[in-house]
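Enquirer: below are the sequence and a predicted model; questions follow.
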Amino acid sequence: MKFSVSQLSRRGGREKNEDRMGYCYTRESGLFLVADGMGGHPDGEVAAQIAVQTISALFQSQAKPLLDDVPEFLASALFATHQQILSHAMGRGMNDTPRTTLVAAVLQAGSATWIHCGDSRLYIVRDGALLTRTRDHSYMELRKTVPRYEFGNINRNVLFTCLGAPFTPIYDVAGPMQLQSGDRMLLCSDGLWGALGDEDITRQLARGMVSHAVPELVEMALQRAGSNSDNVSVVALEWDAPDAVEPMQLPTGGASEDMFISTIQADPSDACLDDPDDPDDAVVERSIAEINEAIRRSGARKE
């Protein structure tokens, strides 16, 4: 497994940065994620921190060095995160819960599989063209497939799902998509795509190395949004880059089987997990049971 990766997060015009992001990998599997804590609710940055810590901890415990079932891992990790956020709020007697969006991708066996909840996005660019991107869980995106008169004027920031809200999160899982040498994948918060169009992101991501494209994209978004810029966070990689010579080119084929490397660290300013390296087993079990029940209900409806 060989990829070049770059990440960057900027506060923009906001009082604080509520985004969290990072990546981690074993010899044969890699996890990349961005969480955007939601304003208008308390402790958005805590919800985002819980998300990246919970999912990376689960990845570390299960990727040995491969995940057995990538879509199942992503779905159960998302539900575990949701439960951790609710537990955090309940344990502190909060009247409102912290909330976050999430996009996460796993690269394994030459393929990419991803999950998202909310409006943090994933883009894949191949040969300079946009191959695919996630579709936001927002009324603005939904309006594209439903007559306009049913919605009226809609703020693009209005979402119908997220992690941490007092209802079961809606999410989408996609893949596996077989990757080709030179494919670019980008995960970002809405601070990027809210200021730049898909064409801007595609064109810039396709140019040169990702270590150059990422800071240029972030700076473009900040400049275009001006003083009211949102937090902007980006993680991007190039798969199997044949000529990459940048410092963050990561060949993992010769690494030991128990190797685990992560850019995701516990944030001492956020007391968000009682034990960030060991998510509650009961939470994971509840998450798996909830997923299985949803699958059972779906099967029953089809019959």
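Expert: Structure's in. What do you need?
Enquirer: low-confidence ranges in this structure?
Expert: 142-157, 241-259, 265-303 (pLDDT under 70).
Enquirer: just the strands in it please.
Expert: With DSSP state E applied, the chain shows strands at 2-10, 19-25, 29-37, 100-108, 111-117, 121-126, 129-133, 172-178, 184-188, 232-239, 249-251, 261-262, listed in chain order.
Enquirer: other SSEs contacting the fifth one?
Expert: Same thing as strand 111-117. Contacts defined by 3 or more CB pairs under 8 Å, 6 or more residues apart in numbering; DSSP states H and E place strand 111-117 against helix 70-91, strand 100-108, strand 121-126, strand 172-178. In short, each C-beta sits where N, CA and C put it, glycine included.
Enquirer: so which of these gets nearest Arg135?
Expert: Proximity to Arg135 (CB to CB) singles out strand 172-178 among the helices and strands packed on strand 111-117, at 7.4 Å.
Enquirer: in the closest one, what's buried?
Expert: For strand 172-178, a neighbour-count test (16 or more other CB atoms under 10 Å) marks Ala174, Gly175, Pro176, Met177 as buried.
Enquirer: which pair in those spans the largest distance?
Expert: Ala174 and Pro176 (8.7 Å).
Enquirer: what touches both of these two?
Expert: Contact criterion CB atoms under 8 Å, 6 or more residues apart in numbering; residues shared by Ala174 and Pro176: Thr113.
Enquirer: how about the strands of the chain in CSV, adding distance to Ala221?
Expert: Output for the strands of the chain, formatted as CSV (distance: least, CB to CB, whole Å):
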stretch, distance to Ala221
strand 2-10, 9
strand 19-25, 12
strand 29-37, 14
strand 100-108, 16
strand 111-117, 19
strand 121-126, 13
strand 129-133, 16
strand 172-178, 24
strand 184-188, 9
strand 232-239, 5
strand 249-251, 25
strand 261-262, 26
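Enquirer: so which of the helices and strands packed on strand 111-117 gets nearest Gly13?
Expert: strand 100-108 (19.2 Å).
Enquirer: show me what that closest one is packed against.
Expert: Short answer (3+ CB pairs under 8 Å, 6+ apart): strand 100-108 packs on strand 29-37, helix 44-62, helix 70-91, strand 111-117, strand 121-126, strand 184-188.
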